[in-house]
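Trainee: could you look at this predicted model? Sequence included:
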Amino acid sequence: MQHLYVVGGQQREPRPLLATPTWYEYHKGLVLDVEVGSGRARTCVEYVSPPDVRAEGNPQILFKCASLECDRLYLCTHSEVLIFQLPDFQRVGYISLPRFNDLHHVRPTPDGTLVIANTGLDAVVEVTLDGQVVREWAVLGGDVWDRFSRDVDYRKVASTKPHMAHPNYTFYVDDELWVTRFEQKDAISLTQPGRRIDIGVERIHDGVVRGDHIYFTSVKGDVVIANARTLLVERIIDLNTFHPEGTLLGWCRGLRVDDDGHVWVAFSHIRPTKFRENIGWVAHRFRRATPTHVGLYDLDAQKCLAEVELESHGMDAVFSVFCDPTARA
């Protein structure tokens, strides 16, 4: 039986029928182990950030994009990086720095450090496992501290929006470090400046490298495949077309590419406040909204092979999906 690890968060309850200024509130990070065939799930990690590294009041607390390397799961909250050892989920690492704000992704580097999408500061930062800053990149160029202040503890700042770039995912092509930029609809090289992949579709997430190709998602439900050598987009697959007309799959982010070419894609339910934003792909085309879930797709056959619902297990937003490495062994 195939197992998945899914990473995300639980929303405060009750969820209102109409949007309110404080409705977008997640109060807990979650990692679930989901059995695909039965839909059963167990909670592996349930986490609330401590008061000294979060903003006052009711700040957003959830896990965003994670990385799974060997037996280590790397997680991030708004202001923290947590490392867990699998399969027992013992916590073996923790970092929180004053410059952290709205972290969106963390991954290990080939050198044994970590790179983190520090989204609130429109930056990517490299740190050691004990929290020493090695290097920092402003993803729009220049210096991070031209726009921000070293004297501010950004962990205590609820939001620095609007973000000018919103970097949200890092990846390597060989030894070259890249980052996606949500607002610019692209990915740029951090270690070889000037190299860029113009993805061009509705705001993007992910950057999963398989062989000579890089797989991205767009929030409206596309899987975009770019060539890692030519830096050109080769395919754009609209997953919405694999479902009955009028289905709203949700906010799409989180992607795993299996060895057989099938892909797992994660979808979070659309919250009411999103209708007020500039997302015309939602406004007039759906009749049936789906709950937070992950779906398995055969891109060549243009089929959805399976769906696993997550909201009944307490997960309202999902950012990452992985196969259990123990189950694969």
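Mentor: Thanks, I have the structure now. Residues are numbered from 1 along each chain as shown.

Trainee: lowest average confidence, helix or strand, in the protein?
Mentor: helix 280-283 (a mean of 54; mean pLDDT, DSSP states H and E).

Trainee: in its sheet, what does the next helix-or-strand element following that helix sit against?
Mentor: Proceeding N to C from helix 280-283, the next assigned helix or strand is strand 288-289, under DSSP states H and E. According to DSSP bridges, strand 288-289 forms sheet pairs with strand 247-248 (parallel).

Trainee: how far off centre is the partner strand?
Mentor: Distance of strand 247-248 from the chain centroid (CA atoms, centre = their mean, to the nearest Å) equals 21 Å.

Trainee: surely residue 144 meets residue 121?
Mentor: Yes - proximity of residue 144 to residue 121 meets the contact threshold set by CB atoms under 8 Å, at 5.7 Å. C-beta here means a position set from N, CA and C on the backbone, and glycine is covered the same way.

Trainee: am I right that residue 4 sits in a helix?
Mentor: No - counting by DSSP: H, G, I helix; E, B strand; the rest coil, one finds residue 4 to be strand, located in no helix.

Trainee: how many residues are close by it?
Mentor: Residue 4 is flanked by 22 other residues according to other CB atoms under 10 Å.

Trainee: identify the bridge partners of it.
Mentor: Beta bridges link residue 4 to residue 34, residue 323, judged by DSSP bridges.

Trainee: do you know how far the residue nearest the centre of the chain is from residue 223?
Mentor: The centroid of the chain falls nearest to residue 65 when counting by CA atoms, centre = their mean (3.2 Å). The spacing between residue 65 and residue 223, counted by CB to CB, to the nearest Å, is 16 Å.

Trainee: equivalent analysis for residue 263, please.
Mentor: Per CB to CB, residue 263 is found 6 Å from residue 223.

Trainee: what do those two both touch?
Mentor: Listed as contacting both residue 263 and residue 223 by CB atoms under 8 Å, 6 or more residues apart in numbering are 215, 255, 297, 299.

Trainee: separation between the residue nearest to the last one when sequence neighbours are not counted and residue 214?
Mentor: This points to residue 299. Excluding its sequence neighbours, the residue lying closest to residue 299 (CB to CB, 6 or more residues apart in numbering) is residue 237, at 5.4 Å. Distance, residue 237 to residue 214, using CB to CB: 14 Å.

Trainee: of these two, who's got more company?
Mentor: residue 214 (26 against 18).

Trainee: test my guess that the more buried one contacts residue 197.
Mentor: Yes - counting by CB under 8 Å, residue 197 is a contact partner of residue 214 at 7.3 Å.

Trainee: okay, the residue nearest to the centre of the chain: pLDDT?
Mentor: The per-residue pLDDT reported for residue 65 equals 98.

Trainee: that one contacts residue 74, correct?
Mentor: No - using CB under 8 Å, residue 65 makes no contact with residue 74, being 9.6 Å away.

Trainee: shared neighbours of these two, anything?
Mentor: residue 106.

Trainee: that older thread, can you confirm the residue nearest to residue 299 is in a strand?
Mentor: Yes - per three-state DSSP, residue 237 lies within a strand segment.
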